[in-house]
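Fold the stuff below for me.
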Amino acid sequence: MATYEWQPLQRNYDLESQRKSLVTEAALSHPLQSITVTDVKADKRGTQAKKKAEDVKKSSSFIDPLSSLGPLASSFEGSDPLSKIASQGIDQAPRGTRTKSEDGLDETFEPWSAKKAGILTKYTTSEKLSITTSFLSSADKEKMVIKSHASTTVTDKVRNRLEQLDDFEEGSVQEMLNLSQQDYVKRIEELNQQLITAWENDQRVKALKIVIQSAKLLSDVSVIQFYPSKFVLVTDILDTFGRLVYDRLKEKAVYIPAGSGVARSLPDNFTPDMVSEGAKETCRNWFFKIASIRELIPRFYVEVAILKCYSFLNVGEYNDALQRLADMIRGIGDPLVAIYARCYLSRVGILVAPQTKDHLMPCFDDFLTTYSQVHSDTVQNTLAVQKMEMPRYLTLFSPALDWLLQCLANKSSEKTLMEVLQKSKKHCNSALLLNSIISAFKPEFVAVRAVQFTDMIKECEDTGFPKHYLYRTLGLCLVMADPPEDQQLTVLNEVWKTVMKLKNPADYIGCSEIWIEYVVKHFGKKEVNKILADIIKHMTPDRAFEDFYPQLQSVVTKILAHIHDFSVLFSIDKFLPFIDMFQKESVKVEVCKNIMEVFVKHQVEPTNDPVIINATMFVCKTMHDSVNALTLDDERKMISNLIAGFIRNISFGRDFERQLSFYVECRSSFSNLDQVLVQLIQNVNDLSMETRRVVKGNHSRKTGNFVRACAAYCFITIPSIQSSVAQLQLYLLSGQCALLNQCYSQKIPKTLQVDGKTRSTEPILVEHIYNFLSTLLIVPDNPDAGVLYLLRGLLNILQNYLWETQTDYKVLVYTRVLALLSAMSQDSYLYHADRVDSNDSMYGSDPKFLNELKSMCSTLVEEVLSYLKTLAQSELYKRQSLVSLELFQTIVCHGDIREPSLFSLATKLWGLAQKHGELDTKIMVRCLNGVKSKAAASTIREYTELASKLSLESRT
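Numbers count the residues shown, from 1 in each chain. Purely as a prediction, here's the structure:
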C-alpha cells in the first residue's frame with residue numbers, strides 16, 4: 001500500500017474571514033407581510049417615489065430590531081399576520097352563542113349547571129329509598145310491590161285519556177322499596193332514558209305519564225335529607241321533557257314569509273304571529289292535557305317544564321303564566337317542597353324570560369309568610385321520625401333559597417337589597433335567610449354595608465341555623481369586594497370575637513380559611529401572625545389538624561396569593577410553626593411545593609437575606625427528603641426545578657467565597673437530585689467566570705486559589721451525577737472554564753468515555769469529542785508529559801473503545817483530528833483563551849513539533865484508508881462512499897494539495913465515493929462546486945487542476 005505524507009495547508013484566517021463576509025442590506029419589507037397591489041396614476045408617480053424615499057430616510061435611525069417597534073414592525077401597521085390570526089381566534093365567538101349580558105344575566109350569575117354537582121355531593125343519605133312508577137326494567141320485578149286499583153271500562157276516548165294521565169299503567173302502581181342512593185339514581189336515569197325512547201317512538205301519552213310520575217316523586221319527603229339531590233335528578237327529567245315538546249312544536253310550526261310561497265322553519269327569534277294555527281292548537285292541547293292532571297305538584301312541575309312553549313301563543317303570555325304559577329305554589333303545604341317549587345319556577349323563568357321578574361318578589365314574600373311553618377307540629381314530627389335536628393334541616397333550604405334570591409338579585413340595584421333586608425327583618429329575621437341574601441347579592445353591595453351586616457348577624461335569630469355559616473358567607477363577599485377603609489378593622493374585630501369562641505374545630509377552620517384572606521389583603525404581618533397563632537391554638541388540641549389538611553392548605557395558599565415579599569412572609573413568627581402542623585408527609589411536601597412555586601415566580605431580584613435563605617432551605621430540604629426510589633419522574637423533575645429556582649435566586653454579590661460556601665451547603669443538602677447538582681455545577685462555573693471578569697483575567701494568589709477551588713468543586717461533584725451524557729457535558733464545560741482561568745492542574749480528564757456497553761450513545765459521544773477537540777486546540781502542552789499528550793491519550797481511548805460495528809464514528813473522529821492537527825500547524829491559531837499561552841506561542845513553529853504533527857496526520861490517514869478496505873463489500877458500499885467523501889473534504893479544506901501524494905489521494909477518494917453510485921448526486925454536485933469556488937478564491941493553481949479532474953458519473 002502506498003504511503004501518503006500529510007502536508008497541512010498554511011492559512012490566513014483574517015483574509016478568509018474577509019472573503020466570506022457578506023454585504024449587509026437593510027430589510028425594508030417583512031417576509032410575512034401580505035402583498036398589496038396599489039394602482040398609482042401616472043401623474044402621481046413622482047410624488048409617490050418622493051414619499052417612499054422620505055419614509056426610508058426616517059427609518060434609518062437605530063431601533064432595537066427585537067422590540068415590537070423594530071424596523072419591520074411598521075410594515076404591519078401595528079399588527080403582524082400571526083397576531084391577527086390569534087386575536088381573531090380569541091375575539092370571534094362561535095355562531096349561535098350569546099354572552100350573559102345579552103341573555104339579561106349578570107356576569108357573576110352562577111348557572112344552575114354549576115350548582116348541580118355541589119348539591120348532589122353535599123346532600124346524600126345512607127337510608128333506603130323507594131320509587132313509585134310503572135316504567136322500570138323487568139329485572140327489578142322482584143323488588144316491586146303492586147298496588148291494584150279497580151279497572152275501568154269507560155268507552156269515551158276523551159275521559160279514557162284523562163284517566164290514563166292520572167292513573168298508572170293499566171291500573172297498577174309499582175313501588176320499588178329498599179333502594180340505596182346509587183340504585184335510586186340509576187332508576188331515575190332509566191326513567192330519563194325511557195322518556196326519550198318513548199318520545200322517539202311517538203308514544204306521547206307514555207312520555208307524559210313518565211314525567212307525571214317523576215314529578216310526583218317531589219312530593220315525597222320520607223328521606224328528607226336527600227330531597228335537594230332528588231330535586232336535581234327529577235328536574236333533569238322535566239327539563240328533557242320540556243326540550244322535547246318545544247323542539248317538536250318548533251319543527252311543526254313552519255311559516256310562509258311575506259312575498260314567498262315556500263314554507264320555512266321558524267327562526268330562533270320568531271314571534272307568535274309567525275306560528276301557524278295548527279302548531280298553536282297543538283301547543284294549547286299540551287297545556288290542556290297538563291291542566292287536567294288532578295294532583296297539584298305534578299300539574300305545576302310539568303307545566304313549568306314546558307313553560308317555554310308559551311312563546312308560540314302570545315307575546316305577553318310569560319308574565320301572566322309565571323305569576324299564575326307562583327300563586328299555585330301557595331297550595332303546597334310542606335315548606336321544603338314549596339321552596340324547591342319556587343326554585344324550579346325561577347330557574348325556568350330566568351332561562352325563558354330573563355327580563356320578566358314580576359313573579360320573583362311575590363315568591364320571596366310567600367316564603368317569608370310561610371317560613372313559620374318550619375316550626376309547625378307536622379314538620380317537627382317529621383324531623384323527629386327521621387332523627388334530624390333543626391340546623392341540619394334548615395341547610396336543606398339553602399340551595400333553593402340561594403337560587404331564588406340570586407334570580408331576584410340579577411340586574412338589580414341596591415334598592416332591591418334594602419327592600420329584601422327590610423322584609424326579612426320584619427317577617428322572620430332568620431339566619432338562614434340572611435345567609436342566602438349575603439350570598440345572592442353582589443359582593444360590592446354587601447361590602448359597602450359590612451358593619452350593618454355584622455350587626456344584623458348578631459341580632460338575627462340563629463334557631464337551627466348556626467351563625468358561623470353567616471360569617472363564612474360574609475367573609476366570601478368581603479374578599480371579593482373591599483369594604484370601606486374605615487370599616488375594615490371594625491368588621492374584623494366583630495367577626496373574630498365570635499369566630500375565636502367556636503369550640504368545634506370544623507366550624508372554626510371553616511370560617512378561618514375564609515377570613516385569613518381578608519386579613520392578608522387589608523392588614524399587615526402583625527394581624528396575620530395573630531390569626532395564624534389563633535388557628536394553631538384551636539387546631540393543636542387532640543391533633544385536630546390531622547382532619548383538616550385541605551382547609552389548612554387553603555390558608556397557606558391564600559397567604560401566598562397576597563404576600564409575595566418573602567422577607568415579610570418569613571418574618572411572620574407563626575408561619576413556619578403553622579407549616580409544622582402538616583405532619584403527613586405527602587401533604588407537607590405539597591405545601592412546600594406551593595411555597596417554592598410562589599418564591600420562584602415572584603422573587604424577581606436575587607436575595608441574600610439570611611431569614612429567607614434559612615426558611616427556604618428548610619422548605620427545599622423537606623421536598624428533597626421526600627424523594628425516594630418510588631417517586632415518579634414528573635414529581636422528581638418538579639421538585640428539582642423548584643430547588644434549582646431557589647438556588648438561582650440566591651446571590652451574595654461580590655462576596656464570592658460566601659456564595660461558594662452556599663453552593664457547598666446545597667450540595668450536601670440536595671445530593672439525591674441530579675438536576676440540582678447540574679444547576680450547582682453550572683452556577684459554580686459561572687462564579688469562576690465572574691471572578692475572571694472582575695479581575696480582568698489577572699488572577700492574584702487569592703483569586704487563583706478561589707477559581708481552583710471552584711474547579712475542584714465541579715470535578716468532585718460531577719461523578720455523583722447518574723447520567724453519563726450529563727457527565728460528559730459538564731466535564732467539558734468545567735474543563736473549558738478551568739482552562740480560561742489558567743487552572744492547568746484542573747485539566748479535563750483523559751478518560752472521557754461512556755460505559756463500554758453497546759448502547760446507542762455514540763452520536764452524543766462523538767458530538768462531545770468534536771467539542772472537546774475544539775478546546776484542545778488552545779490547551780498548552782505539559783512539558784513533563786510530552787508533545788500533545790492530551791490528544792494522544794484521547795486517540796488511545798478511541799482506539800480501544802468498543803465501537804458499534806454498524807457505524808463509522810471512529811474514522812469520522814479521525815478526520816476531525818486531522819483538521820485539528822492542521823490547525824495546530826499554523827503560525828497563529830484561530831482563537832485563544834486570554835492569558836493562556838497555547839502551543840503556537842510555546843513552540844513557535846518549531847520544526848520538531850511540526851514534524852510530530854505531520855507524523856500523526858500520516859498515521860491517521862493510513863488508519864482511515866485501512867478502514868476503507870474493510871468496507872469493500874456490496875452491503876457496505878454506501879458507508880465506504882460516505883467515509884471516502886468525508887476524507888476527501890478534509891484533504892481539500894485542511895491539506896496542502898500541492899503535495900503530489902495528497903493530490904493523488906484526493907482524486908482517488910473522489911472516484912471511490914461515486915464508484916458504486918450510492919451517494920446522492922446533489923451532494924456530489926455541491927462538493928464539486930465547493931472545490932471550484934475554492935479554486936476561484938485561491939492562488940493555488942492545484943485547486944483548479946483538481947476541479948478539472950473531478951468528474952460526475954452519470955446514472956442511467
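
Please count neighbours and contacts with C-alpha atoms only from this point.
Fine.

Any idea which helix or strand in this structure has the lowest mean pLDDT?
strand 144-148 (a mean of 39; mean pLDDT, DSSP states H and E).

what about residue 131, which helix or strand?
Secondary-structure element containing residue 131, defined by DSSP states H and E: strand 129-132.

my guess is residue 715 meets residue 731, correct?
Yes: using C-alpha atoms under 8 Å as the test, residue 715 is close enough to residue 731 to be in contact (7.2 Å).

Quick one: mean pLDDT over the strand holding residue 131.
Averaging pLDDT along strand 129-132 gives 69.

Stretch 851-865: which residues count as buried?
Neighbour-count burial for stretch 851-865, with 16 or more other C-alpha atoms under 10 Å as criterion, is recorded at 853, 854, 856, 857, 858, 859, 860, 861, 862, 864, 865.

What is the nearest of those to residue 241?
Nearest to residue 241 among these: residue 864, at 84.1 Å, using C-alpha to C-alpha.

before we move on, the earlier item: may I see the buried residues of stretch 851-865 organised as TSV, with secondary structure added?
As requested, the buried residues of stretch 851-865 are exported to TSV (DSSP: H, G, I helix; E, B strand; the rest coil):
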residue	secondary structure
853	helix
854	helix
856	helix
857	helix
858	helix
859	helix
860	helix
861	helix
862	helix
864	helix
865	helix
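
can you list these in TSV and add distance to residue 902 and pLDDT?
Output for the buried residues of stretch 851-865, formatted as TSV (distance: C-alpha to C-alpha, whole Å; pLDDT from 0 to 100):
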residue	distance to residue 902	pLDDT
853	16	87
854	13	89
856	15	89
857	12	91
858	10	90
859	14	90
860	14	90
861	10	91
862	12	91
864	14	90
865	13	91
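
any low-confidence regions in the stretch 251-400 of the chain?
259-261 (pLDDT under 70).

where along it do the helices fall?
Secondary structure of the stretch 251-400 of the chain (DSSP state H, counting those that start in this stretch): helices located at 277-291, 296-305, 317-328, 335-352, 360-370, 377-385, 390-395, 398-409.

ok, then the element right after the last one?
Once the chain leaves helix 398-409, the next helix or strand it forms, by DSSP H and E, is helix 414-427.

Going along the chain from that next one, find the next helix or strand for me.
Along the chain past helix 414-427, the next helix or strand (assigned with DSSP H and E) turns out to be helix 431-440.

Could you measure from the closest residue to residue 380 other than its chain neighbours over to residue 305?
Spatially, and ignoring its direct neighbours in sequence, residue 380 is nearest to residue 374 (7.6 Å; C-alpha to C-alpha, 6 or more residues apart in numbering). Residue 374 sits at a distance of 28 Å from residue 305 (criterion: C-alpha to C-alpha, to the nearest Å).

Counting neighbours, what do you get for the spatially closest residue to residue 367 that is not a sequence neighbour?
Counting by C-alpha to C-alpha, 6+ apart, residue 367 lies nearest to residue 339, which is 7.0 Å off, once chain neighbours are set aside. As a burial measure, residue 339 scores 25 neighbours (other C-alpha atoms under 10 Å).

doesn't residue 403 make contact with residue 339?
No: the pair residue 339 / residue 403 is not scored as a contact, 10.2 Å apart, by C-alpha under 8 Å.

quick revisit: turn the helices of the stretch 251-400 of the chain into JSON lines, including distance to residue 822.
Putting the helices of the stretch 251-400 of the chain into JSON lines (distance: least, C-alpha to C-alpha, whole Å) gives the following:
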{"stretch": "helix 277-291", "distance to residue 822": "95"}
{"stretch": "helix 296-305", "distance to residue 822": "90"}
{"stretch": "helix 317-328", "distance to residue 822": "94"}
{"stretch": "helix 335-352", "distance to residue 822": "83"}
{"stretch": "helix 360-370", "distance to residue 822": "93"}
{"stretch": "helix 377-385", "distance to residue 822": "99"}
{"stretch": "helix 390-395", "distance to residue 822": "88"}
{"stretch": "helix 398-409", "distance to residue 822": "84"}
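
Could I get the buried residue list for the helix or strand hosting residue 658?
Element membership for residue 658 (DSSP H and E) is helix 656-669. The neighbour-count check on helix 656-669 (16+ other C-alpha under 10 Å) flags 656, 659, 660, 662, 663, 666, 667, 669 as buried.

measure the fourth one to residue 652 for me?
Yep, that's residue 662 we're talking about. Note on residue 662: its distance to residue 652, by C-alpha to C-alpha, is 9 Å.

Look at residue 759 and report its pLDDT.
Model confidence at residue 759, given as pLDDT, is 50.

just residue 702 next, same as before
Here, the pLDDT recorded for residue 702 equals 89.

can you check residue 92 too?
What the model reports as pLDDT for residue 92 is 38.

Please apply the same query to the one 5 residues further on.
In the prediction, the pLDDT value recorded for residue 97 is 36.

Repeat that for the one 4 residues further on.
Note for residue 101: predicted pLDDT of 41.

Check residue 26 too.
Reading off the confidence values, residue 26 has pLDDT 78.

Just give me the neighbour total for it.
Look at residue 26: counted by other C-alpha under 10 Å, it has 8 neighbours.
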